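S.K.: For reference, the sequence and a predicted model appear below.
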Amino acid sequence: MINNFYRVYHSSRYVGGTLVIRLNKQLTDAQIAILQEEFYELLDEGGKIRTCTAFEQEHDEPDLWNLPRLALDFNRRNHGYMVALIRRINSFFDA
């Protein structure tokens, strides 16, 4: 079960007010649009889910520098719902 959780999801951290989710696989624009639609309740009003590269503040983790990322304008209220988001990300790569 734990291996399944980390199949695509790698880790996350805050950079300023942005939640950065690091991934083991790159998502497509269509997949990101699905996440935006299904998980809008996780976001600040008008917030987005978007791809990004490593932030300069992540220089303290050079081994993670090249991982694909999502940046979320997370509302910091629905933390429990984040597990559902991670499961959905992983579901894009189910066999």
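M.R.: Cool, got the structure. Residues are numbered from 1 along each chain as shown.
S.K.: In stretch 43-51, which residues are buried?
M.R.: Of the residues in stretch 43-51, Leu43, Gly47, Ile49 count as buried by neighbour count, 16 or more other CB atoms under 10 Å. The C-beta positions use only the backbone N, C-alpha and C, and glycine is treated the same way.
S.K.: any idea which of these is closest to Phe74?
M.R.: Distance to Phe74 across the buried residues of stretch 43-51 (CB to CB) is lowest for Leu43, with 6.6 Å.
S.K.: Spit out the contact partners of the closest one.
M.R.: Leu43 makes contact with Ile49, Leu72, Asp73, Phe74, Asn75, according to CB atoms under 8 Å, 6 or more residues apart in numbering.
S.K.: what do you get if the cut-off is 6 Å, keeping everything else the same?
M.R.: For Leu43, the contact set (CB atoms under 6 Å, 6 or more residues apart in numbering) comprises Asp73, Asn75.
S.K.: in this protein, which spans are strands?
M.R.: 9-15, 18-23, 49-52, 69-72 (DSSP state E).
S.K.: Perfect, I'm done here.
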